[in-house]
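Peer 1: just coords:
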């Protein structure tokens, strides 16, 4: 029996629908490999994340300079922590009338002894250190911590701050924004 053109066309169409498509995984694996390399390279940027607890409110700054990787001193309301290890309490530090805090100096000297030798630039500037403390820290506490850092040869001191955008207002005479025109 002879098939009509319509029957031939419908048979051909059904035959196309019954074929299971093949999925070629090689190009898919290549794409995922490139994506992984791209993410790894871009994710390993030169950004240091300073971990602080919720009780510490950092002061704000418009500085564009990113901090380098250093030893971090975290000053909470009750404790002084160096690189994640508690070295003493604020009460003990303030009870002592000495200009520096001995347990902090001991820990910093220990860390310096385990670190790589200083370069010529670091010998001139001192070892780098970052102080992460609440913006409401009394000046006397900050002064004693900084004096202890200097005594342990950590003279390149940075204070951690929260970044904020600079305002574009021009301040005129008298501290009021200048008028534009």
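Peer 2: Perfect, thanks for sending it. These numbers were taken from a predicted model, which means no experiment stands behind them. Numbers count the residues shown, from 1 in each chain.

Peer 1: for the chain, where's the lowest mean pLDDT among helices and strands?
Peer 2: strand 60-61 (a mean of 60; mean pLDDT, DSSP states H and E).

Peer 1: Each with direction, which strands does the helix or strand that that strand is followed by pair with?
Peer 2: Next helix or strand after strand 60-61 toward the C-terminus (DSSP states H and E): strand 71-75. Take DSSP bridges as the rule and strand 71-75 pairs in its sheet with strand 79-82 (antiparallel), strand 128-133 (parallel).

Peer 1: Does anything pack onto the helix ranked longest in the chain? Which helices or strands?
Peer 2: As assigned by DSSP state H, the longest helix anywhere in the chain is helix 25-43. Packing contacts for helix 25-43, counted by 3 or more C-beta pairs under 8 Å, 6 or more residues apart in numbering; DSSP states H and E, involve no helix or strand. Heads up, the C-betas are built off the backbone N, CA and C, glycines and all.

Peer 1: Looking at the strands paired with strand 71-75, which one is packed in the most?
Peer 2: Of these, the one with the most neighbours on average (mean count of other C-beta atoms under 10 Å) is strand 128-133, at a mean of 20.

Peer 1: Distance check, residue 25 against residue 40.
Peer 2: According to C-beta to C-beta, to the nearest Å, residue 25 and residue 40 sit 22 Å apart.

Peer 1: Kindly report the same for residue 17.
Peer 2: 43 Å.

Peer 1: Kindly report the same for residue 75.
Peer 2: 35 Å.

Peer 1: ok, those two, which is more surrounded?
Peer 2: residue 75 (19 against 9; other C-beta atoms under 10 Å).

Peer 1: Just give the nearest non-adjacent residue to the more buried one, would you?
Peer 2: residue 133 (3.7 Å; C-beta to C-beta, 6 or more residues apart in numbering).

Peer 1: May I ask you to confirm that that neighbour is in contact with residue 159?
Peer 2: Yes - using C-beta atoms under 8 Å, residue 133 is in contact with residue 159, at 7.5 Å.

Peer 1: which neighbours do these two share?
Peer 2: Common neighbours of residue 133 and residue 159 (criterion: C-beta atoms under 8 Å, 6 or more residues apart in numbering): none identified.
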